[in-house]
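In: Have a look; sequence and predicted model below, questions after that.
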Amino acid sequence: MQDDNLLIGAIDQGTSSSRFLVFSAKDFQLITYHQVPIKLISDQAGWVEIDPKAIIDSVVECIEKVSEYLAEMGLSHRNIKTVGLTNQRETSILWDKVTGKPLYNAIVWLDTRTHSTVDEMLAKCNNNPNYLKMECGLPFSTYFSALKIKWLMDNVPEVKEAIKENRCAFGTVDSWILWNLVGDKSVHLTDVTNASRTMLMNLKTLDWDDYLCDFFAIPKSILPQIKSSAENYGSINSGCLKGTNITAVLGDQQADLVGQLCWEKGSAKNTYGTGCFLLYNTGNDIVYSTHGLITTVAYKFGNEKPVYALEGSVAIAGAAINWLIDNLQFMEDIKDCEEIAESVKDTGDVYFVPAFSGLFAPHWNATARGLIIGITQYTTKAHIIRATLEAVAFQNLEIVESMNKDSGINLKMLQVSGGMSKNKCLLQMQADLLGIPVIRPSMTETTSFGAALTAGKTIGLWDLKDQKKIPIYNETFYCTITEETRNNKYKKWNKAVKKCMGWDDSSEPIRKPFWKRIGGEPFGLLLTFGLTLSIGYLIYKKYR
């Protein structure tokens, strides 16, 4: 018989905060949690960094605070049987294996400094953005880790030196947390979901690929060992949870897929956070998109076969609301957003494309920039706020359309989660634009819940075969507009998207050296040498 006081912990390290949550193993209810905000560093346009030390310090603080909260509730942290870990994906950290100190700040997933690195890689493959897609499932983009590693190798002397001396370790945020939190600070591990976001892991073998590593000139020696999402990663090395095992690791969107109980092929979920991430479960089949989506690992439970997914990523969702608050002072708090948006009946024909750093799926266009169009003297801040929410819904409509084309089956409903899913106005807009029901679960912490579910499965607390045993109830939003209205609005949205593209022309491909451009490396070098000798001879003849 299961102990009524048995608890499962979940570390949830995101872009804007770190959290530690505790769930009851008996009825899956959230018991308590603590959250610490994370400061984003943005010293240059397009650059987004985090101090790696702030990441691990915030995680430790959250764990210790939750221990105090449990004591106040008459419970004990000793009842936490195991811990799952979920994290922001693609964010890349390089550190010194000897000292354990970071060699540079963490470069965050939405950082766009690697435009020139992307262009350099594209030049090697006739500017084909999908050149490596059959191996890794991903297009060339500033989004993924390999480009961030390459930039660090090319631009940070400390990284070059550490690689030369075999002291350099790479990891996404999960690896960095495990290195610091588990064992004797020498555990260098990651899971298949995080590894699948680097452009360095082969989707079929689920291991680092020699060809991919050679293509980016990234040494395999700096990469962590890849494990499944559900196995023992080792025990926590200090603090109130010392000796407690971490038995699950998943990237945050994959954890949310598990937490939303999307375990069957054909099920899909969307997370509304800083960005939006829509995952569609394709079962054990690797499905390659021809409509701008990416192919990724959904999860792998121990020795079971891996489950794959199609994913559409939106760079700017909740971040657009924060921009309205921080930069334009349109409102004081994000909680005011829904009320202000509902104070007007529509957007007043205003459209907002929040392409602050380009557009992700399905466009993958780095030259796009933000655009607000349709403004008249009638326009108020309420119209713009409403247009911002509608922009989030439009971007997700584009992704669902692509998924329908790739899968050959139209999505019948969409399950949603994330901070922005609390906004009923947004979810109603989403149902209207998709023309299908949008379902919000009563369990709002589905990402952390997914990590906890996976951790519990690893130690045999449950088998995850019967979804009905998990008491999650739903609120459903239904379409309230006609198909004609929807099509007319979508037509205007597409016009706005086309207008915002090609605005930033600074992302031109790196110009190759003269001797490479005129004939390739060997021939061009000889030709340049010959020209130099000829010019030198003519000068000599003239002035001797």
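Out: Yep, that arrived. Numbering: from 1, shown residues only.

In: switch to C-alpha atoms for all contacts and neighbour counts from now on
Out: Fine.

In: Give me the phi and psi for the residue nearest the centre of the chain.
Out: Central residue check for the chain by C-alpha atoms, centre = their mean: the C-alpha nearest the mean position is that of R89, 4.5 Å away. R89 has phi and psi values of phi -100, psi 170 when expressed as degrees, to the nearest 10.

In: what sits against it?
Out: For R89, the contact set (C-alpha atoms under 8 Å, 6 or more residues apart in numbering) comprises 109, 172-173, 194, 197, 251-252.

In: and with 10 Å instead?
Out: 13-15, 108-109, 143-145, 172-174, 193-198, 250-254 (C-alpha atoms under 10 Å, 6 or more residues apart in numbering).

In: How about F449?
Out: Counted by C-alpha under 10 Å, 6+ apart, F449 has contacts 8-10, 12, 21-23, 28-30, 84, 86, 255-256, 258-260, 443, 455.

In: If we go by neighbour counts, what in stretch 237-247 is buried?
Out: Going by neighbour count (16 or more other C-alpha atoms under 10 Å), the buried part of stretch 237-247 is 237, 240-241, 244-247.

In: how long is stretch 242-250 from one end to the other?
Out: 21 Å (C-alpha to C-alpha, to the nearest Å).

In: Just give me how far that stretch sits from the chain centre.
Out: Remark: stretch 242-250 is offset 22 Å from the chain centroid, using C-alpha atoms, centre = their mean, to the nearest Å.

In: so where's the stretch 401-544 of the chain uncertain?
Out: 465-469, 471-473, 506-544 (pLDDT under 70).

In: For it, just list every one of the helices.
Out: 424-434, 446-458, 483-500, 514-517, 521-543 (DSSP state H, counting those that start in this stretch).

In: ditto for the stretch 251-400 of the chain
Out: So, for the stretch 251-400 of the chain - with DSSP H, counting those that start in this stretch - the helices run 252-259, 318-326, 337-341, 381-407.

In: May I see those arranged in CSV, with mean neighbour count as well?
Out: Output for the helices of the stretch 251-400 of the chain, formatted as CSV (neighbours: other C-alpha atoms under 10 Å):
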stretch, mean neighbour count
helix 252-259, 28
helix 318-326, 18
helix 337-341, 19
helix 381-407, 22
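
In: can you redo the ones you listed as CSV with distance to E483?
Out: What follows is the helices of the stretch 251-400 of the chain, written out as CSV (distance: least, C-alpha to C-alpha, whole Å):
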stretch, distance to E483
helix 252-259, 29
helix 318-326, 27
helix 337-341, 23
helix 381-407, 14
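
In: right, and those helices - which one's nearest L122?
Out: helix 381-407 (24.1 Å; C-alpha to C-alpha).

In: Report the angle between that closest one and helix 424-434.
Out: 40 degrees (axes from the mean of the first three to the mean of the last three C-alpha atoms, to 10 degrees).

In: okay, now D463: neighbour count?
Out: 12 (other C-alpha atoms under 10 Å).

In: quick thing: my sequence starts at 20, can you match it?
Out: All set: I'll call the first residue 20, so the last point we hit is now D482.

In: Low-confidence regions, this structure specifically.
Out: For the chain, the ranges with pLDDT under 70 are 20-23, 484-488, 490-492, 525-563.

In: let's see 50
Out: The chain contains residues with pLDDT under 50 at 20, 527-544, 547.

In: Could you report the separation of the closest residue to G389 other than its chain neighbours from W383?
Out: Nearest residue to G389, sequence neighbours excluded (C-alpha to C-alpha, 6 or more residues apart in numbering): A374, at 4.2 Å. Distance of A374 to W383, given as C-alpha to C-alpha: 11 Å.

In: same deal with S240?
Out: In terms of C-alpha to C-alpha, S240 sits 31 Å off from W383.

In: Q54 contacts E83, doesn't it?
Out: No - with contact defined as C-alpha atoms under 10 Å, Q54 does not count as touching E83 (11.3 Å).

In: Can you pull the residues that touch both of those two?
Out: Joint contacts of Q54 and E83 (C-alpha under 10 Å, 6+ apart) are F39.

In: Show me which of these two is the more surrounded one.
Out: Neighbour count, other C-alpha under 10 Å: between Q54 and E83, Q54 has more, with 19 against 16.

In: From Q279, how far out is the more buried one?
Out: 22 Å.

In: And for A380?
Out: Distance from A380 to Q279, by C-alpha to C-alpha: 22 Å.

In: More neighbours: the two, which one.
Out: Q279 (27 against 21).

In: Please tell me how far that one sits from G28.
Out: 18 Å.

In: Now V79: closest residue in space, sequence neighbours ignored.
Out: The nearest residue in space to V79 (C-alpha to C-alpha, 6+ apart) is G258, at 8.0 Å.

In: Outside of the strand or helix carrying C232 itself, list whatever touches it.
Out: Per DSSP states H and E, C232 falls inside helix 229-235. Residues outside helix 229-235 that contact it (C-alpha under 10 Å, 6+ apart): 136, 140, 143, 151, 154-155, 165-166, 168-169, 218-221, 228, 236-239.

In: need the contact list for G321.
Out: 246-251, 267, 476-477.

In: circling back to that earlier point, ok, S240 and W383, which is more surrounded?
Out: W383 (20 against 13).

In: Quick check, the more buried one in contact with L157.
Out: No - taking contacts as C-alpha under 10 Å, W383 lies outside contact range of L157: 11.1 Å.

In: list residues touching both of those two?
Out: Contacts common to W383 and L157, judged by C-alpha under 10 Å, 6+ apart, are 148, 311-312.

In: List just the nearest of the residues you listed to Y299.
Out: L312 (10.4 Å).

In: And for the closest one, the neighbour number?
Out: 27.

In: My understanding was that it contacts S332; is that so?
Out: Yes - using C-alpha under 10 Å, L312 is in contact with S332, at 8.0 Å.

In: quick one: secondary structure of T131?
Out: Assigned with DSSP: H, G, I helix; E, B strand; the rest coil, T131 falls in the coil class.

In: Now it: closest residue in space that isn't a chain neighbour?
Out: T131 sits nearest to G65 (C-alpha to C-alpha, 6+ apart), 5.0 Å away.

In: what's the distance between the one you found and F375?
Out: Distance from G65 to F375, by C-alpha to C-alpha: 9 Å.

In: Name all residues that make contact with T309.
Out: T309 touches 149, 381, 421-422, 424-425, counting by C-alpha under 10 Å, 6+ apart.

In: For PyMOL, write a command that selects the buried ones of the contacts of helix 229-235.
Out: Filtering the contacts of helix 229-235 down to the buried ones (16+ other C-alpha under 10 Å) takes a single PyMOL command:
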select buried, resi 136+140+151+154+155+165+166+168+169+218+219+220+221+228+237+239
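
In: Now intersect the contacts of helix 229-235 with the helices, please.
Out: 136, 140, 154-155, 165-166, 168-169 (DSSP state H).

In: Which pair of the residues you listed spans the longest distance?
Out: T136 and E154 (19.8 Å).

In: Show me how far the helix holding C232 is from its chain's centre.
Out: That offset, for helix 229-235, works out to 22 Å (C-alpha atoms, centre = their mean).

In: what does stretch 493-506 give?
Out: 28 Å.

In: Can you measure across that stretch, start residue to end residue?
Out: 28 Å.

In: Show me what it is in contact with.
Out: 432-434, 443, 446-462, 508-510, 512.
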